[in-house]
Each structure stands twice: as C-alpha cells, then as structure tokens.
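Participant: What follows is a predicted structure for the sequence shown.
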Amino acid sequence: MDLGLQGKKAIIVGAARGIGLATAEILAREGCDLAITARSADSVKDAVAELKRYGGNVVGKACNVKNADEYKEWLQWAVAELGGCDILIPFASAGGGQGSEKYWSNAFEVDLMGPVRAVEAVLPSMVERGGGAIVLIATTSAGEAMGGAQAYNALKASLVTYGKQLGLQHGKDKIRVNVVSPGPVEFEGGNWDMIKGTMEKFYQSQLRQHPQGRMGTPDEIARCIVFMASPAANWCNGSHLVVDGGFTNRTHF
Amino acid sequence: MDIKRKIDVIRVNPEDWPNGTPAGKIPDPELGYDLIPVERYTSDAFMKLEWDHMWTKVWLLGGRSDDMPNPGDYICTEIGKESVLIVRQEDGSVRAFPNVCLHRGNRLRPEGLGNAENFRCMYHHWTYDRAGCITRIPDLDTFPQGAPPEGKLPSYPCGEWGSFVWYSLNPDVEPLETYLDPMQQHLGPYHFERMALVRDVTVEWDCNWKAAVDAFSETYHVQGIHPQLQWYLDDVNIQIDCVGKHSRYLVPFAAISPRVAVPSSIPPAIYDIMVKAGMDPAEYEGRVTDIRRDVQLFKRKHGAAQGRDYSELNDDQLTDDYHYTIFPNVSLNVHADDVMMFRMRPHATDPDKMLYDVWVFELVPDGEPWPDRVKHRHFKHGERSIGQVLDQDAYNLPTVQKGMHADSFKGLWIGDQELRIRHFHKVIDDYVYGPNGKPRDAG
C-alpha cells in the first residue's frame, strides 16, 4: 500500500527523541520534507542530521514551546521554510507531575496550547493547499488511571475533544484531524526506561498488565501516527485511535 | 568502561577554596594488582593478627560528644571482646576505662548511654567514681591483701574531635590529632556540631567487617546492585583520593550516570534533592543534566535565608557526596545538609560476623529547635529494612562472605575503580605486618 506521502511537507513539534523522532524518521523515509523542533539545540542538530540521510529537505531549530512568542515565531518560520504545510504532528509535552500548581500551567502551555497554537499557525497554509492532515497525540492515561490525578492526563484528555471538533469544523477544507493515544512506550532515555531502572517492581507490575507482557516501541506507535497522517487514511477524520497493544481494559464502542 | 556518554563533570577549582576542604586530586599510590588474600576475611588466625596489631593500636570512634554533654554522662561501647566506658569529667574532659570491675571482672554497665554519679558493680557493689577511682569496696577488711594497689580502673587514651569522642586500646597511641590528620581540615568545614542525630541503628551482619568497609569503598557496584542510583549520581566520574591512612571519593550527586540515557523528565530522587533545597521542580526550565549545578547555585543563594550556613563549603559540596573512610572502620557519606555514617565493628570471636552501626545526622537550621535524640535500635540483618539502598548492600554481603569460604576462591581481584579497597588493605598490612613487611602466612 502506498501511503502517498512523497513530497508532503510535515511539521513535527518535539522530534528529537522517542515517538516524535520515530515518526519523523518514517515520514522522512516516505519522502516528506520536514521542519522539526525540540528544546535542546544539540538534539535538534543531531535529529536533522539523522533525518537528512533520507534525502528530503529537513530543517530544524530549537524552541521552547512553553514560551508562546518564541513558539509562534518558530511555527511561522517552519511554514515559511517548508513553503507550506500538509501535515502537522505536535508531540511536545511538559510531562507528568503532581504536587505543584505549576504542573497545570506547564501542561496547559505545552500539552494543550502547544497543539492549539500549531493548528492556528498551519491552517491558512493547509486551506490554501487544498487540504492537510493533523494528528494530535493524547495518551491512554487520558482514559484510564495512571500516575494519579494530574494535569498531564487531564489536559491530554482535552485534546481528544478538541481534535474531534476541529475535524468536524475543517472537513469542508479537506483538513482531517485525528487523535492517537499511545499506551506505555519504552525507549532509551524515555520515562519507562528510567522507571525500569528506578522503580523496578512498579515497572514489572505494569508489564504483567500488558496482554503481550511488554511495552510498546516508538516505532510501533509512529507507524500508526504516520498512517493517520497519510493520504492512505483519507477517510479517517475525527477518529481517536488507541495504540497500546491491548493495554487498556475499556472496550471502545 | 561500559558507558553511553562521555561527561565532563563541572568541578570546583580547588584554588578557589584555599581554606575549605581540600578538593584537589591527590596522586594515586602505586599499590599493584595482586590478589588480596581471602584468608583475611575468613580465618581466625588473621582475625587474631588484626586484633593484636591493628584494633588494639589505632584510635577508634566511641560515639557522639553531644550524647555526653554533662559531667557523669557516659557512653558504653564495645569493640571486639572489649567494652569501654567513656565518661564526661567534672572539668568537661573525657576519660575512657575498661568497662570491667577490678574485683571479679564483671561488666560495670551494659552497652549504651547514661549518666552516673558513680559506677557501682551489680555483683558486689564495688564502686568507682566518674574518674574511675575506687570509692567503696564493701567489707574491705575481709581483703587482707587490701584493695587493688592502683586504686582505680586503668584508663585508655581518649579525646574529642569533630563532635565525636574517640578512644584507643593502645596506651602508647600517637596523639588523636596526628592519627586523624588531615581529616580535620577535610571535614571541619561541614560543622558536624550543627547536625543532630536522626537515626541510630545497629545491625548484626553475617560477614567480615572488612567486607562491609569494602562495600562502601567503591562505586563500581552501583551498576550491579543499586541500578536505581544511576538516575541520582554519577558513579563513573568520581575522584578517588588516598589520604594517608584514610581515603575518600567525591561523587557527583543530582546527576545522571553515563551508563544510562539522559531522561527527559526529572528522576524521582533528583526531584527530591531539588525539593529539599527549596526549589520547585515544576518551575525548573533547565535540562536534567543542568540540575546539579543549578541546585548548587540555588543553595548558595538561598542557604543563609534558610538558616543553613554553607559559607565554608565549596559549590560541589552543596550537592555531592564527599565520602570518607577514617581508618579503620568509619565510613562517612558527607553532605552539606546531612551525614550518613557507618561504623563497622568486628565480632568478638567470629570472622564471619560483625556489627554495622548506622548513624544519620541532619543539619539543624539556625532558629529551629534541636530535635529529641532518636532511640537506638539493634536487630539482626533481615529483621527490618534499613532503607532500599542499604538493604541492597546488606542482602549482598552474606553471600559474599559465604562465597569467600569456597576452597576455589583465593582472593579478591581488585580493579582501579576499587583503589580505596586496595589502599585500605595496604594500611591494614602496615599495622599487621609492619610497614613494607612481607605478609606472613596468615592462614
């Protein structure tokens, strides 16, 4: 099956590691041009070098999504550098945390306003280009308990609603919006890698809850995200795809 | 080494802190790469040599000075087969005596702390004053030979440093200051007298006391039995220094080991360091690898307002573990705000057993009340947890000791990361066999 991604222009926010990097990698391999960002200039530089190996146009610049002005500037820069935008996938997250009110403002700025500001920035280009695909990244922790009541879970949940309604509103412009919720994913330098090292019993207890006895890999999530972002999924709009190897108990009717 | 990243650890320039703890690297001694013979952990013969030539010759840690502030306050502590009574005198000095009645050899006091007007033996009520002089022998007229002619308990050398009281079983021991030198300069800036005891535990361990000293003398085992600490400290980029009889290593804390990938979120143990320093990790904008330096800067800036005087400590000391071993048996994890200290004591007769004392001290900020003294607890290994990290050490040691008894095991194969272990055994050799002496057959 041809995904139809050749020549598409994709903006990936938070592409230096984990699922973001894996997604950028598949898109690059499939022939997309990419604009990427991450917090650290070194990581961006490394990721750009890595992604350029596939021969497409890859541009990158460090940016702190929490800083709205800097972020908006970066988004304008990315659209201009690519000469338009067909695909938007914002990954950047402030991560979890409980106990300080600051976690709520962090999650609001990064996990929620990160995608919202990116959508606002790319919509004119997508409309002009006659369509586009946006994939928002939520989490299975939005639907099932994980790590206690916290901003990360709650604000990720808001993306499911936002994504659906965004898809309805922009269907007329042939802009599809879908949401992917990954289950626990393990990769070197990721949270579960650290939890495996620092809280081994808890980690093992989570593995036991997985039907396959393991966590997902970034690539297993990225392939589903890329599919949703590709013209091959052109009848998917307003969908919420849970990619978790069967980790969650709930039946999604 | 099996690492994922090369890290250039930021360290203080020792010249910037001329009056503080010497921070510079001391050139490593040439100690070779021979096996360390296993008999010294397992044989009665070596245990005897060690007792005769080392334990009875060195200065030993008796206890904490603030456990005996007033005249008559005493600490009764044991080392091997000996029990020692350390008593605060009327003039504020300290004296130490064998805790043994001159009459029939009964112990005068059980191990522990107390205050006494005098020391009266339970058996026949022979009585000694605080200076150890006999003040009463009931029915003295029934001893035609009279009272023991010296009229008092023998005394041991005894002194105080660093808010600790020290004693020696050796009447001819060098002065305490000479023995400890230069630990005073190294540890003085921490002001242990500003710290209160918050934990006082003795655990009976089934291993030789040296196996326990060894366990706290290298960070090589972090990747083995303490994997979780790799998201807390840098076990690779440490500075090892042999300092006379004593030794130390400097371990960056609030750091990520180069053996693991840098995580994107703040590890729980480093999160706790930040909270303890008064920082809100949720507010932190830097990278995980910047946290160590930022905690140092934060503590430097806000320490005084928190009643914590860090003025004599260098920046590294505000985060890092300056870990010292005071020969032979005191291990100290020294930090700006706390000290976790271990004393390893040999069993009286069995080389396979020891006593492991854990003392934890915490800085009492200016203006805060001095906490009540915590109660001493004594138990056997395995009966209670002593915390995750120490449990990991503790559960490993009995299997080390058992393994060392195998006929096939000839000795310890020690690498560069374990230089302090090699140095420790060299100092023991110097006592047991004489400096530059050739080991006699100890088995």
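Facilitator: Arrived safely.
Participant: Report how many residues lie close to residue A:146.
Facilitator: Residue A:146 has 18 neighbours, counted by other CB atoms under 10 Å in any protein chain shown. Placement of C-beta: from N, CA and C, glycine included.
Participant: try residue B:309
Facilitator: Neighbour tally, residue B:309, other CB under 10 Å: 15.
Participant: Please list all residues in contact with it.
Facilitator: B:191, B:194, B:303, B:366 (CB atoms under 8 Å, 6 or more residues apart in numbering or on different chains).
Participant: Next: residue B:428.
Facilitator: Counting by CB under 8 Å, 6+ apart, the residues that residue B:428 touches are B:40, B:50, B:54, B:210, B:328.
Participant: Could you check which helix or strand contains it?
Facilitator: helix B:419-433 (DSSP states H and E).
Participant: got the buried residues for that helix?
Facilitator: Buried residues in helix B:419-433, counted by 16 or more other CB atoms under 10 Å in any protein chain shown: B:419-432.
Participant: cool, stretch B:214-226 as well?
Facilitator: For stretch B:214-226, the neighbour count (16+ other CB under 10 Å) marks B:214, B:215, B:216, B:217, B:218, B:219, B:220, B:221, B:222, B:223, B:226 as buried.
Participant: Take those and write them to TSV, including pLDDT.
Facilitator: Compiled in TSV, the buried residues of stretch B:214-226 are given as follows (pLDDT from 0 to 100):
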residue	pLDDT
B:214	98
B:215	97
B:216	97
B:217	97
B:218	97
B:219	97
B:220	98
B:221	97
B:222	97
B:223	96
B:226	96
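Participant: Tell me which entries of those lie within helices.
Facilitator: B:214, B:215, B:222, B:223 (DSSP state H).
Participant: pretty sure the second one contacts residue B:396?
Facilitator: Spelled out, that is residue B:215. Yes: Residue B:215 lies in contact with residue B:396 (CB atoms under 8 Å); the separation is 7.4 Å.
Participant: quick one on the thing from earlier: just the ones in helices among the buried residues of stretch B:214-226 now: which is nearest residue B:383?
Facilitator: residue B:215 (19.6 Å; CB to CB).
Participant: nearest to chain A, of the ones in helices among the buried residues of stretch B:214-226?
Facilitator: Nearest to chain A among those is residue B:223, at 10.1 Å by CB to the nearest CB.
Participant: Not counting sequence-adjacent ones, nearest residue to that closest one?
Facilitator: Excluding its sequence neighbours, the residue lying closest to residue B:223 (CB to CB, 6 or more residues apart in numbering or on different chains) is residue B:259, at 5.5 Å.
Participant: Which secondary structure elements does the helix or strand containing residue A:12 sit against?
Facilitator: In this structure, residue A:12 sits in strand A:9-13 according to DSSP H and E. Packed against strand A:9-13, as judged by 3 or more CB pairs under 8 Å, 6 or more residues apart in numbering or on different chains; DSSP states H and E, are the following elements: helix A:18-29, strand A:33-37, helix A:68-82, strand A:87-90, helix A:113-128.
Participant: Quick one: the ones in helices among the buried residues of stretch B:214-226 as CSV, columns for distance to residue A:71 too.
Facilitator: Shown next, in CSV, are those (distance: CB to CB, whole Å):
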residue, distance to residue A:71
B:214, 53
B:215, 50
B:222, 39
B:223, 39
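Participant: Identify the farthest-apart pair in those residues.
Facilitator: B:214 and B:223 (16.6 Å).
Participant: about what we covered before: any chance of the buried residues of stretch B:214-226 in JSON lines, with distance to residue B:146 too?
Facilitator: Shown next, in JSON lines, are the buried residues of stretch B:214-226 (distance: CB to CB, whole Å):
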{"residue": "B:214", "distance to residue B:146": "51"}
{"residue": "B:215", "distance to residue B:146": "52"}
{"residue": "B:216", "distance to residue B:146": "51"}
{"residue": "B:217", "distance to residue B:146": "52"}
{"residue": "B:218", "distance to residue B:146": "57"}
{"residue": "B:219", "distance to residue B:146": "60"}
{"residue": "B:220", "distance to residue B:146": "61"}
{"residue": "B:221", "distance to residue B:146": "59"}
{"residue": "B:222", "distance to residue B:146": "62"}
{"residue": "B:223", "distance to residue B:146": "66"}
{"residue": "B:226", "distance to residue B:146": "61"}
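Participant: what helix or strand is residue B:179 on?
Facilitator: helix B:176-180.
Participant: Strands of the stretch 301-443 of chain B, residue ranges please.
Facilitator: B:321-326, B:330-334, B:338-346, B:354-363, B:377-380, B:411-412 (DSSP state E, counting those that start in this stretch).
Participant: Please identify the most buried of the ones you listed.
Facilitator: Comparing these by mean neighbour count (mean count of other CB atoms under 10 Å in any protein chain shown), strand B:321-326 comes out on top with a mean of 24.
Participant: distance between the ends of stretch B:179-187?
Facilitator: Its first and final residues considered, stretch B:179-187 spans 14 Å by CA to CA, to the nearest Å.
Participant: what's the offset of that stretch from the middle of its chain?
Facilitator: 14 Å (CA atoms, centre = their mean, to the nearest Å).
Participant: quick one on the thing from earlier: looking at the helices and strands packed on strand A:9-13, spot the one closest to chain B.
Facilitator: helix A:18-29 (7.7 Å).
Participant: got the angle between the closest one and strand A:9-13?
Facilitator: Using axes from the mean of the first three to the mean of the last three CA atoms, to 10 degrees, the direction of helix A:18-29 lies 170 degrees away from that of strand A:9-13.
Participant: So what touches helix A:18-29?
Facilitator: A:5, A:8, A:10, A:12-15, A:34, A:36, A:38, A:47, A:50-54, A:56, A:58, A:87, A:89, A:91-92, A:137, A:182, A:185, A:187, A:189-190, A:217-219, A:221-223, A:225-226, A:229, B:264.
Participant: I'd like to know which of those residues are part of helices.
Facilitator: Going by DSSP H, the helices hold A:47, A:50, A:51, A:52, A:218, A:219, A:221, A:222, A:223, A:225, A:226, A:229 from the contacts of helix A:18-29.
Participant: Direction included, what does the longest strand seen in chain A pair up with?
Facilitator: Ordering each strand of chain A by length in residues (DSSP state E) puts strand A:175-182 first. Its sheet considered, strand A:175-182 pairs with strand A:132-137 (parallel), strand A:240-243 (parallel) by DSSP bridges.
Participant: Dump these to CSV, plus mean neighbour count, mean pLDDT and distance to residue B:252.
Facilitator: Below are these laid out as CSV (neighbours: other CB atoms under 10 Å in any protein chain shown; pLDDT from 0 to 100; distance: least, CB to CB, whole Å):
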stretch, mean neighbour count, mean pLDDT, distance to residue B:252
strand A:132-137, 27, 98, 35
strand A:240-243, 20, 97, 39
